[in-house]
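A.B. asks: starting from these lines, generate the structure:
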Amino acid sequence: MPDSPFYSAVESRRTVRDFLPDPVPQEVLDRCLDAARLAPSSSNLQPWEFIIIRDPETRRLANAACLDQMPAKTAPVLIALVTHRDTWRRNRDEILRIFEGRGPLRPSQASYYRRIIPVIYTTGPFGVLGPLKRAFSRLASRFKPTPNLMSRSDIRVMAHKSTALAAATFMLAMRAEGFDTCPMEGFDPWRAKALLDLPRGAEVNMFLAVGRRSEKGVWWDRALVPREWAVREI
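C.D. replies: Below you'll find the model as predicted:
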């Protein structure tokens, strides 16, 4: 890889499973969280929330929800990265407020956020409109390229994809600061949701253990599948 800070962070980032007790400076954590907020998201709706678990008893229960994995138990910082499916209206309105504070809205901005976004993200009571919109999109696609107008499950997938982009940005930022992370998908989602008192349209995307790796923090050498399995041209 080229010799640059970015590629150095990419190359040296590893999933670390054992951490030193050294604290993570708050200014470092804040910089990395702000970097994560710059991650791309679908329609810039930013459907994520980083919950830093500070309270000792909540941390103990979070460790248990993470199945008492070594990264959760040893990391000085544990973060729950939450995906919100139903915050699109609030976030859309805030984006419009910011745009309007900069001057008159461009017609494309007004049309996209006031007309197109509601059509895509509204699923109606109990999600009944979602399957109908999806079926319409599929039928229209037979005649011309048509976006998926999205059911509730499609919106859930979209929100998780965007949240994962924020997670990746945060992990690379931490590595650039000289710290390490472990993204954990192995956890009890029901206990985690109850512990964090999340609303109905929210769920934990992953837990992130954060700190400095110990000498035994990296368990295996990196192994990549062949490049042609991951990249192809047509």
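
A.B. asks: C-alpha from now on. contacts and neighbour counts both.
C.D. replies: Fine.

A.B. asks: could you check how far residue 169 is from residue 10?
C.D. replies: Distance from residue 169 to residue 10, counting by C-alpha to C-alpha, to the nearest Å: 11 Å.

A.B. asks: between the two, tell me which one has more neighbours.
C.D. replies: residue 169 (20 against 15; other C-alpha atoms under 10 Å).

A.B. asks: where's the more buried one, which helix or strand?
C.D. replies: Assessed by DSSP states H and E, residue 169 sits inside helix 152-176.

A.B. asks: what does that helix contact?
C.D. replies: 5-6, 8-10, 12-13, 28-29, 32-33, 35-42, 46-48, 81-85, 121, 123, 127, 130, 180-181, 205 (C-alpha atoms under 8 Å, 6 or more residues apart in numbering).

A.B. asks: after that helix, which helix or strand is next?
C.D. replies: Next element after helix 152-176 (DSSP H and E): strand 180-184.

A.B. asks: do you know the pLDDT at the residue nearest to the spatial centre of the chain?
C.D. replies: Nearest residue to the geometric centre of the chain (C-alpha atoms, centre = their mean): residue 163, 1.9 Å. Residue 163 is assigned 98 on the pLDDT scale.

A.B. asks: try residue 148
C.D. replies: Reported pLDDT for residue 148: 89.

A.B. asks: for the helix or strand bottoming out on mean pLDDT in the chain, what is the distance to the chain centroid?
C.D. replies: The helix or strand of the chain with the poorest confidence is helix 129-140; it has a mean of 92 (mean pLDDT, DSSP states H and E). Offset of helix 129-140 from its chain centre (C-alpha atoms, centre = their mean, to the nearest Å): 27 Å.

A.B. asks: over to stretch 45-57?
C.D. replies: Relative to where its chain is centred, stretch 45-57 has its mean C-alpha point 11 Å off (C-alpha atoms, centre = their mean).

A.B. asks: low-scoring stretches of the chain, by residue?
C.D. replies: Where the chain drops to pLDDT under 70, the residues are 1.

A.B. asks: kindly recompute the last result at 90.
C.D. replies: By pLDDT under 90, the weakly predicted segments of the chain are 1-3, 126-127, 147-148.

A.B. asks: show me where it has its strands.
C.D. replies: 48-52, 77-84, 180-184, 202-211 (DSSP state E).

A.B. asks: now those strands in a markdown table, with mean neighbour count?
C.D. replies: Listed next are these as a markdown table, based on neighbours: other C-alpha atoms under 10 Å:
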| stretch | mean neighbour count |
| --- | --- |
| strand 48-52 | 19 |
| strand 77-84 | 24 |
| strand 180-184 | 24 |
| strand 202-211 | 25 |
